[in-house]
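[1] prediction below, plus the sequence it came from.
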Amino acid sequence: MTAHLEAVDRTPGARFPTVTVTSPIDSRTVDVLRAVTPEEVRGTATRLRAAQPAWEELGLEGRLTWLRRYRNWLLDNADRITGLLHEETGKAKAEAPIELGLSIDALNYYCDHAAEFLGTGQPWPHGMLTATKRLEVNYRPYPMVGVISPWNYPLALALFDALPALIAGAAVLLKPSSETPLAISAAVAGWEEIGAPRVFATVVGAGIGSVVVDSVDYVQFTGSTATGRTVAQQAAARLIPYGFELGGKDAAIVLADADLAQAAAGIAFGGLSNSGQMCTAVERVYVEDSVYNEFVTELVEVVAALRQRPGGLDDGSVDIGAMVTLSQVAVATEQVRDAVDKGATVRVGGSGDGHYFEPTVLTGVDHSMRVMTEETFGPILPVMPVRDVEEAIRLANDSQYGLSASVWTGNTRRGKEIARRIEVGSVDVNDVNAHLACFPLPMSGWKSSGAGGGRLGGAAGIRKYCRTTAVTSPRIELSAIAALLWFPYSPWKTRAVGQTMRLLGARDIKRRFGM
Ligand code: NAD
């Protein structure tokens with residue numbers, strides 16, 4: 001555990017404020033953590049900041065040695081961490097290992113490519129004017145990166161953002177959601193356990209997010225669009241850069257030539273895994289008229305067969321787990337009620353009980369209903385027929401969000417053409433969420449779904465944590481020529497500069513020679 005979590009007072013209501021983590025599965029108290037105060041957050045930030053220069057000084061190879069040891073520690077402790085994740089989120093046991101698995105895959109990807117991504121860039125001069133110069137781009141980390149993460153994927157979303165920052169040479173102050181702090185705190189504790197330099201810490205507590213934003217040099221935030229707006233204002237006031245991953249309302253478009261059984265199975269998985277609590281969950285389905293009935297029949301069949309066992313033992317064969325917060329169950333309940341009031345039909349599921357909401361398919365929906373326009377973050381799939389692909393694209397783009405989407409078709413080339421017309425950051429053709437595991441690809445939302453540096457995405461995913469120093473030096477010592485441009489000016493020099501600019505800027509003989 002980090003310094004603060006070591007000092008946990010496990011008595012609820014003790015002298016210090018506490019964070020009680022209860023399992024959504026059976027409301028059992030899983031752990032009680034001592035909540036840190038704003039002053040303690042500042043203290044942790046000061047300690048991390050003091051340790052960061054030595055971390056940077058270690059150099060890339062030195063840092064990678066620690067990151068690889070840390071990878072091994074995570075693998076050795078995977079069962080314990082994944083167990084905590086299952087308990088605190090209530091997600092199906094089968095889904096829990098995915099978070100750590102993907103995080104380790106991302107860690108390996110950045111370890112393998114960091115030298116290429118962070119090495120000094122040496123671009124060629126772009127033209128004659130600077131041809132005598134040698135150009136360099138150097139990358140140096142922001143000393144302290146703040147990572148603020150949500151409760152739906154508490155492990156992966158924190159580690160995806162924190163690990164590249166550590167590799168870049170930054171210190172990382174991580175604030176997980178107070179709803180789900182246990183698995184990620186256990187994972188970060190491993191950093192200390194392997195004896196790595198103390199540049200990585202979590203702080204858990206209520207109302208401390210803004211203190212984190214005030215303490216760091218770069219903010220990587222994942223959460224709701226509303227909180228993102230608040231964090232953006234605070235970051236702007238401090239003139240610090242940020243990367244935001246925010247809410248979504250992802251569309252799936254099913255064309256008449258799609259393999260409907262595959263589309264139904266994929267869309268059920270994309271919309272309902274993690275009980276729909278996924279920023280990139282399928283939350284709207286548009287199906288071409290001619291295959292609409294057949295698709296709905298397939299989808300209802302798949303969803304009706306999903307296994308949910310509220311409060312019961314999950315032996316790994318449960319498909320749909322619990323939802324993390326009761327307030328999110330209330331959102332799902334309210335959206336179904338609103339849709340039904342306006343004429344929608346519940347084809348399967350439709351109601352919640354405690355932390356569990358049934359996997360649900362709605363038909364007869366349209367964009368007057370909240371379930372088609374507002375983020376659901378619950379296991380609900382509303383399906384709407386469309387005349388043709390043009391209507392499907394128009395409706396998919398009729399949203400304040402622009403995170404990701406999927407297109408289902410028998411013609412991959414056509415699927416890719418449609419993908420380029422949807423106003424979102426990522427599209428999967430004949431799949432869902434495949435892009436999340438493709439680390440060379442950027443994950444970044446359009447519109448209200450994101451701002452600033454996106455997540456991962458090859459070199460950009462690690463360079464965003466760095467400031468650049470551009471250096472020029474002479475490739476050929478022709479300083480006398482450069483000095484011709486310096487003071488003092490003269491009519492001859494003024495004419496020469498004008499003519500040179502014309503010569504270099506024009507792309508036709510007439511203009512080049514002023515004819
Ligand atoms: P949230 O916005 O309520 O909280 C996110 C984090 O921000 C939490 O750690 C919270 O404590 C912290 N926070 C709250 N107020 C803050 C403030 N003023 N300053 C700094 N930090 C503050 O989001 P949530 O309910 O935890 O998560 C669900 C939301 O996250 C959904 O909207 C979902 O779409 C979004 N999300 C987006 C992605 C993505 O990659 N685009 C991934 C997962 C979740």
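    Great, that's in hand.

[2] now do the helix or strand hosting R229: distance to the chain's middle.
    Counting by DSSP states H and E, the element that carries R229 is helix 225-238. Relative to its chain's centre, helix 225-238 lies at 17 Å (Cα atoms, centre = their mean, to the nearest Å).

[3] so Q335 makes contact with M372?
    No. Using Cβ atoms under 8 Å, Q335 is not in contact with M372; the gap is 9.1 Å. The way it works is simple: take the backbone N, C-alpha and C, and place the C-beta from them, glycine included.

[4] ok, now how distant is the closest residue to the ligand within the chain from G352?
    Using Cβ to the nearest ligand atom, the closest approach of the chain to the ligand is made by G209 at 2.2 Å. Shown here: G209 relative to G352, a distance of 28 Å by Cβ to Cβ, to the nearest Å.

[5] re the thing from before, do the helix or strand following the helix holding R229 and the ligand come into contact?
    Going down the chain from helix 225-238, the next helix or strand is strand 242-245, by DSSP H and E. Yes. Counting by Cβ under 6 Å from any ligand atom, the ligand has neighbours in strand 242-245: E245.

[6] partners of strand 242-245 in the sheet?
    Each strand that pairs with strand 242-245, with its direction, by DSSP bridges: strand 218-222 (parallel), strand 450-452 (antiparallel).

[7] export those as a markdown table, with columns for distance to the ligand.
    What follows is the strands paired with strand 242-245, written out as a markdown table (distance: least, Cβ to the nearest ligand atom, whole Å):
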| stretch | distance to the ligand |
| --- | --- |
| strand 218-222 | 5 |
| strand 450-452 | 6 |
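
[8] highest mean neighbour count out of the ones you listed?
    Sort the strands paired with strand 242-245 by mean neighbour count, taking mean count of other Cβ atoms under 10 Å, and strand 218-222 sits at the top with a mean of 27.

[9] need the mean per-residue confidence for that one.
    For strand 218-222, mean pLDDT is 98.

[10] one more: stretch 440-460?
    Here the average pLDDT along stretch 440-460 is 95.

[11] between the two ends of it, what distance do you get?
    End-to-end distance for stretch 440-460, by Cα to Cα, to the nearest Å: 9 Å.

[12] ok but A258 is inside a strand, no?
    No. Under DSSP: H, G, I helix; E, B strand; the rest coil, A258 sits outside any strand and is assigned coil.

[13] count the neighbours of it for me.
    23 (other Cβ atoms under 10 Å).

[14] number of residues surrounding the residue nearest to it when sequence neighbours are not counted?
    Nearest residue to A258, sequence neighbours excluded (Cβ to Cβ, 6 or more residues apart in numbering): W408, at 4.0 Å. Using other Cβ under 10 Å, W408 is surrounded by 26 other residues.

[15] so what's the backbone phi/psi at W408?
    Phi and psi for W408, reported as degrees, to the nearest 10, are phi -120, psi 120.

[16] spit out the contact partners of it.
    Neighbouring residues of W408 by Cβ atoms under 8 Å, 6 or more residues apart in numbering: 252-255, 258-259, 262-263, 266-267, 415, 429-430.

[17] want to try TSV for the residues you listed, with secondary structure, distance to the ligand and pLDDT as columns?
    Shown next, in TSV, are the contacts of W408 (DSSP: H, G, I helix; E, B strand; the rest coil; distance: Cβ to the nearest ligand atom, whole Å; pLDDT from 0 to 100):
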residue	secondary structure	distance to the ligand	pLDDT
A252	strand	17	99
I253	strand	20	99
V254	strand	23	99
L255	coil	26	98
A258	coil	26	98
D259	coil	29	98
Q262	helix	26	98
A263	helix	24	98
G266	helix	20	98
I267	helix	18	99
G415	helix	23	98
V429	strand	21	98
N430	coil	22	98
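
[18] which of the residues you listed are buried?
    Among the contacts of W408, the ones that count as buried by 16 or more other Cβ atoms under 10 Å are A252, I253, V254, L255, A258, A263, G266, I267, G415, V429, N430.

[19] tell me the one of those residues nearest D112?
    Of all those, D112 sits closest to V429, with 27.1 Å by Cβ to Cβ.

[20] and that closest one, what does it touch?
    S406, V407, W408, T409, T412, G415, K416, A419.

[21] would you show me how to pick out the buried ones of those residues in PyMOL?
    In PyMOL, this line selects whichever of the contacts of V429 come out buried by 16+ other Cβ under 10 Å:
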select buried, resi 406+407+408+409+415+419
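
[22] what about the contacts of V429, which are in strands?
    Residues from those lying in strands, with DSSP state E as the criterion: S406, V407, W408.

[23] pretty sure the second one is touching R420, no?
    No. In this structure, V407 is not within contact of R420 by Cβ under 8 Å, at 10.3 Å.

[24] which residues touch the host helix or strand of I98?
    According to DSSP H and E, I98 maps onto helix 96-118. Identification of contacts with helix 96-118 by Cβ under 8 Å, 6+ apart yields 60, 64, 67-68, 70-71, 74-75, 78, 81-83, 85-86, 89, 139, 153-156, 159-160, 163-164, 167-168, 183, 187, 436-437, 439-440, 456, 458-459, 461-463, 466.

[25] please check these and keep the buried ones.
    Judged by 16+ other Cβ under 10 Å, buried ones among the contacts of helix 96-118: 60, 64, 67, 70-71, 74, 78, 81-82, 85-86, 89, 139, 153-156, 159-160, 163-164, 167-168, 183, 187, 436, 439, 456, 458, 461-463, 466.

[26] for the ones in strands among the contacts of V429, which one is nearest A35?
    Nearest to A35 among these: S406, at 40.0 Å, using Cβ to Cβ.

[27] can you give me phi and psi for S177?
    The phi/psi pair for S177 (degrees, to the nearest 10) is phi -70, psi 140.

[28] residues in contact with the residue nearest to A131 when sequence neighbours are not counted?
    Spatially, and ignoring its direct neighbours in sequence, A131 is nearest to P125 (5.1 Å; Cβ to Cβ, 6+ apart). Contact analysis of P125 by Cβ under 8 Å, 6+ apart lists A131, T132, K133, L135.

[29] what does E391 give?
    E391 touches Y286, counting by Cβ under 8 Å, 6+ apart.

[30] correct me if wrong, but it is in a strand.
    No. Under three-state DSSP, E391 falls outside any strand and is assigned helix.

[31] off-centre distance for whichever strand or helix holds E88?
    If you go by DSSP H and E, E88 is part of helix 78-89. Remark: helix 78-89 is offset 21 Å from the chain centroid, using Cα atoms, centre = their mean.

[32] ok, and what's touching that helix?
    Applying Cβ under 8 Å, 6+ apart, the contact partners of helix 78-89 are 21, 23-25, 30, 74, 91, 93, 96-97, 99-100, 151-152, 154-155, 179-183, 186-187, 314, 321-322, 324.

[33] just checking, which of those belong to strands?
    V21, V30.

[34] M323 reaches A330, doesn't it?
    No. Assessed by Cβ under 8 Å, M323 is found out of contact with A330, at 9.9 Å.

[35] neighbour count winner among these two?
    Set M323 next to A330 and count neighbours by other Cβ under 10 Å: M323 wins out with 29 against 14.
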